[in-house]
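S.K.: here's my sequence, what's the structure:
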Amino acid sequence: MRRKADAAPARRTLPRGTGGDAALRLSRVAPPPAAKLAPWIERMRGVRALVWGDFVLDDYWRCLTRRVSREAPVLVLDWQSRSSQGGGAANAALNLASLGARVSVLGWVGNDEAGAELRRLLAAAGVDTFGLLEHPHASTVVKIRVVAGSVHTALQQVVRVDRGNAFTLDARGRAALTQAMKRAAHDVRAVILSDYGYDSVTPALAAESIASWREGGATVALDARYRLPAYHGVSLATPNESEAAAAAGLEAGSERDLEEIASRLLRAVRPEHLIITRGRDGLTLWGAERGVSLEAHGGEEAVDVTGAGDAVVATATLALAAGAPALEAAALANVAGSVAVSRRGAVAVAAEDLRSALEAEGGKDRRKVLGAGGGTRSAELRRRAGGRRPKRAAGSEAEPGMAEPSGRGRTRPASGPERSATSRRPVRKRESRT
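M.R.: Next up is the predicted model:
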């Protein structure tokens, strides 16, 4: 019996009392400097990667709204245009390709126009779609987002309509999947399992392959919406905070709660690394002995959180496969997440986007050094003046990039164009999955 697309799959949670050992402790750390992260962008290029999961076509209908219907208290929308993007596992694959990986895919679509369009989107990005199989009895999963606004306002999502069923497999379907996997997974160094609950990939189907890939030295990452605790032995798991809390059967009301949530998931899933993304609060990276917290990268306000999780898992997986230490892989994924939420829709993050974001961060670091130098220069002037602070003529301004004194030995950033708008950190939206 097929599960309806609008009915969420049963969520797998850990049984009560799975605790036992004391929870890990979380500490805040500064991210590695941009100069240390940048080389990994080039080292990720050319890595052979596979995405196995639920492939989704994200449809966007753009409309104008000018009036309320006389038939019912609802908006009347005037259709303007349509566009489509890859969602779910497709978005993870597109992110990998944009970062320079050689990507193949494994999963199911229907024998329909939506499936053909999804295949074209992936092929245009250089993704090998040989393993994207046509299911004889199910349609391609499509998520229609209707966005609307007036002529002079930003468009906002009004409603979302999901269409699609779970891909049930008989013996012939499993045989076709196994055969396609032999080619798609050949010589891979990175694998992402993207489970959105449509059964293209399941814990039972993936168990043997996970062990085989890990033994062969590949990095295997898991991005599971509902069944996180049912998978075991992956290299990396990347739930967002709400998914992690639901899987552990706990509420994430504090960092102490998060420590217990991470402890439970590490014991159940047994990943080598666990990244829990936290939206405006950045992300946390957990290992066998401790957890570290990285604040959200940059200062731009989130525009759209759709697809941010796919950017994070793609970047972290490629960096680990390229040999990056876990903290540097997580920090680079944190940068990718910040780029993803700055755009509307599930838009892939490219290698050049990461370079630009790191260069901007490096520029801020250099300005901080200049500001510190300004303090040293002022101290030297005071020494020459016999310990007194040198007077400044009325109406004079601090040199660009220097710090202005604000009394009691404190300083405040220089005003004017040298103070970037991104130095102010507005509230971020929390990440959500589709």
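
S.K.: just say helix, strand or coil for the closest residue in space to His137 that isn't next to it in sequence.
M.R.: For His137, ignoring the flanking residues on the chain, the nearest one in space by CB to CB, 6 or more residues apart in numbering is Thr168 at 7.7 Å. Quick note: C-beta positions are derived from backbone N, CA and C, even for glycine. Secondary structure assignment for Thr168 (DSSP: H, G, I helix; E, B strand; the rest coil): coil.

S.K.: now do Thr168 against Val142, distance only.
M.R.: Using CB to CB, to the nearest Å, one gets 18 Å for the distance from Thr168 to Val142.

S.K.: that older thread, what's around the residue nearest to His137, how many residues?
M.R.: Per other CB atoms under 10 Å, the neighbour tally for Thr168 reads 13.

S.K.: does it touch Asp199 like I think?
M.R.: Yes: under the criterion of CB atoms under 8 Å, Thr168 makes contact with Asp199 at 6.7 Å.

S.K.: please identify the buried residues of the stretch of helix or strand Val142 belongs to?
M.R.: Using DSSP states H and E, Val142 maps to strand 141-149. By 16 or more other CB atoms under 10 Å, the buried positions in strand 141-149 come out as Val141, Val142, Lys143, Ile144, Arg145, Val146, Val147, Ala148.

S.K.: after that strand comes which helix or strand?
M.R.: Strand 141-149 is succeeded, C-terminally, by strand 156-163 (DSSP H and E).

S.K.: what lines up beside that next one in the sheet?
M.R.: Strand pairing for strand 156-163, determined by DSSP bridges: strand 141-149 (antiparallel).

S.K.: contacts for the strand it pairs with, please.
M.R.: Residues outside strand 141-149 that contact it (CB atoms under 8 Å, 6 or more residues apart in numbering): 5, 54-65, 75, 77, 87-88, 114, 155-164, 196, 198, 434.

S.K.: swap in stretch 77-86?
M.R.: In contact with stretch 77-86 (CB under 8 Å, 6+ apart) are residues 55-66, 91, 93-94, 117-118, 121-122, 146, 148, 158, 345-347.

S.K.: inside strands: which ones of those residues?
M.R.: Mapping the contacts of stretch 77-86 onto strands (DSSP state E) picks out 55-66, 146, 148, 158.

S.K.: now for the residues you listed: which two are most distant?
M.R.: Using CB to CB, the two most remote members of the ones in strands among the contacts of stretch 77-86 are Phe55 and Arg66, lying 36.3 Å apart.

S.K.: neighbour count for the two, which is higher?
M.R.: Phe55 (32 against 11).

S.K.: surely that one and Arg119 touch.
M.R.: No: between Phe55 and Arg119 there is no contact under CB under 8 Å: 9.1 Å.
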